[in-house]
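Quick check, what structure comes out for this input:
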Amino acid sequence: MSRIGKNPVEIPAGVTVTVTGQTVKAKGAKGELTQVIHPKVKVEVKENKVVFSPVDDSAEAGALWGLSRTLVSNIIEGVSKGFSKMLIVKGVGYKFAMKGKDLELQLGFSHPVLIKTPAGIEFELDAKKNTIVVKGFDKQLVGEVAANIRKWRKPEPYKGKGIAYEGEHIQRKAGKSAGGGAKA
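Okay, here's the model as predicted:
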């Protein structure tokens with residue numbers, strides 16, 4: 001059985017949670033999110049907490065129990081605090097700037113890369129620290145936008161150039177060593 005699913009989700013002040021059938025709706029200062037829960041999990045709001053329980057003792061219900069609890073926890077945290085991911089841009093000539101509402105990246109290609117800003121997402125840029133912060137209240141959308149930015153230039157192992165997540169470790173390689181080549 002799920003150890004995560006047993007823990008109820010606290011509803012912080014300023015957030016309202018409503019359960020209609022299998023749909024959980026959270027509304028807070030940052031916005032409003034909805035999550036549909038699988039029918040094998042029962043959801044209730046009791047005493048300022050969201051409580052989950054499996055419908056039966058199957059392994060599938062146990063797995064979905066913990067998943068459902070985490071998904072609802074994420075929407076409640078999102079509408080109250082929000083989420084952010086920091087990307088670090090390393091490389092000579094790699095630049096980024098806002099062009100209207102969109103993010104423009106210059107990553108060594110012959111053309112700039114334009115990233116459209118989806119609704120509910122905002123970018124915070126710091127050119128001196130070479131960082132792009134992706135902010136929003138939907139955890140899945142924030143992660144997806146950050147991954148789409150990173151995919152344009154993943155960090156390479158020889159010089160470490162590219163776009164990396166904050167705290168990401170890039171395994172570096174030595175490259176070609178002097179004098180170790182083939183002999184004629």
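
what residues are up against the residue positioned nearest the centre of the chain?
Centrality entry for the chain: nearest residue to the mean C-alpha point is residue 143, 2.5 Å, by CA atoms, centre = their mean. Counting by CB atoms under 8 Å, 6 or more residues apart in numbering, residue 143 touches residue 85. Where you see a C-beta, it was placed from the backbone N, CA and C, and this is true even at glycine.

That one is in what secondary structure piece?
helix 139-150 (DSSP states H and E).

And the helices in this structure, which stretches?
59-80, 139-150 (DSSP state H).

ok, and which of the ones you listed has the densest surroundings?
Mean neighbour count (mean count of other CB atoms under 10 Å) peaks for helix 59-80 among the helices of the chain, with a mean of 20.

Are there helices or strands packed against that one, and which ones?
The contact analysis (3 or more CB pairs under 8 Å, 6 or more residues apart in numbering; DSSP states H and E) places helix 59-80 against strand 9-10, strand 23-27, strand 32-36, strand 41-46, strand 49-54, helix 139-150.

So which of those is nearest residue 67?
Smallest distance to residue 67 across the helices and strands packed on helix 59-80 (CB to CB): 8.3 Å, for strand 41-46.

quick one: strands adjacent to the closest one?
With DSSP bridges as the test, strand 41-46 is paired with strand 49-54 (antiparallel).

pLDDT averaged over the partner strand, what's the number?
Summarised as a single mean, pLDDT over strand 49-54 is 92.

Dump that strand to CSV, restricted to CA.
Extracted as CSV, the C-alpha positions of strand 49-54 are listed here (Å, rounded to 0.1, in the frame of the first residue of the first chain):
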residue,chain,number,x,y,z
LYS,A,49,-7.4,18.7,4.5
VAL,A,50,-7.8,16.7,1.3
VAL,A,51,-8.0,13.0,2.2
PHE,A,52,-7.5,10.1,-0.2
SER,A,53,-8.4,6.4,0.0
PRO,A,54,-8.3,3.5,-2.4
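
What residues sit buried inside it?
50-52, 54 (16 or more other CB atoms under 10 Å).

Present these as JSON lines; the columns should include distance to residue 30.
Shown next, in JSON lines, are the buried residues of strand 49-54 (distance: CB to CB, whole Å):
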{"residue": "50", "distance to residue 30": "18"}
{"residue": "51", "distance to residue 30": "24"}
{"residue": "52", "distance to residue 30": "23"}
{"residue": "54", "distance to residue 30": "30"}
